[in-house]
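Student: Got a predicted model here, sequence first, then my questions.
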Amino acid sequence: MPQVKEGDKLDIKEAKLSDRQTSPPGYLTESDLITLMEKHGIGTDASIPVHINNICTRNYVTIESGRRLVPTNLGIVLVHGYLKIDPDLVKPTMRSAVEKQLDLIAHGKADFQSVLNHTLEVFKRKFLYFVKHVEGMDQLFEVSFSSLADSGRPFSRCGKCRRYMKL
C-alpha cells in the first residue's frame, strides 16, 4: 500500500456505482421483547406477560407468525407522537428508573413516600407538558386516521382543551 499524505493527487483507476437496498430489521418476537425488558430492568416475571397482553389488547401490536409483534397503525402513530412531544416517554429509561426506585423501597433502602412524591412530580410535569403540546399528537392522528368531525357522528368539544369528545 503506497504512503499517502494530505494534498497528494491520486489517479483514479476505476469507479463503480452500485445500486443496492437495505431492508429493515425484522419485528421483535415476544421473546426479544422480554429480553429487552429484562435488560432494562422493566417488569418482573409476573408483570412482563401482563405488559405484553396490554399492548395487544390496546391494539398497539398484533402477534403474527413466529410470535412476532407487528405494530399497528395506532401503535406507530402513538410512538411517533410521543417522540415528537417528549422522547423520554418512549425510552425504557423512565420506566426502568421507577422500577429501580421500587426495588430500593422493597429492600428498605428508600422511603416509600419520598419516592412516591418524586415520581408523581416527575410524571405530573411530563403530563402537563404533554397536554400543552398534544396538538402534535392530534396532527399525526389526523394524517393516519379519519378525523372525528368527518365521521358524521355527533361530537362535542371539551370545554377545557377544545378536543372532540364522543357523546
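Tutor: Structure's in. What do you need?
Student: what ranges do the helices span in the chain?
Tutor: Under the criterion DSSP state H, the chain carries helices at the ranges 30-39, 48-57, 73-85, 92-106, 112-132, 135-144.
Student: Output the fourth one as CSV - backbone C-alpha positions only.
Tutor: If I follow you right, that is helix 92-106. Once non-C-alpha atoms are left out, helix 92-106 reads as follows in CSV (Å, rounded to 0.1, in the frame of the first residue of the first chain):
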residue,chain,number,x,y,z
PRO,A,92,-37.1,2.5,28.6
THR,A,93,-35.1,4.7,31.0
MET,A,94,-38.1,6.3,32.6
ARG,A,95,-39.8,3.1,33.4
SER,A,96,-36.5,1.5,34.5
ALA,A,97,-35.8,4.3,36.9
VAL,A,98,-39.1,3.9,38.6
GLU,A,99,-38.6,0.1,38.8
LYS,A,100,-35.2,0.7,40.4
GLN,A,101,-36.8,3.0,43.0
LEU,A,102,-39.4,0.4,43.8
ASP,A,103,-36.6,-2.2,44.3
LEU,A,104,-34.9,0.2,46.7
ILE,A,105,-38.1,0.5,48.7
ALA,A,106,-38.6,-3.2,48.7
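Student: Tell me what angle that helix forms with helix 112-132.
Tutor: Counting by axes from the mean of the first three to the mean of the last three C-alpha atoms, to 10 degrees, helix 92-106 lies at 160 degrees to helix 112-132.
Student: One more: the first one?
Tutor: With the same axes, to 10 degrees defining the directions, helix 30-39 sits at 120 degrees from helix 112-132.
Student: Quick one: residues in contact with helix 30-39.
Tutor: With C-beta atoms under 8 Å, 6 or more residues apart in numbering as the test, helix 30-39 has contacts from 28, 43, 48, 51, 52, 63, 67, 69, 92. Yep, even glycine has a C-beta here, placed from its N, CA and C like the rest.
Student: May I see the buried residues of it?
Tutor: For helix 30-39, burial by neighbour count (16 or more other C-beta atoms under 10 Å) applies to 30, 33, 34, 37.
Student: which stretches of the chain have low pLDDT?
Tutor: 146-157, 159-160, 162-167 (pLDDT under 70).
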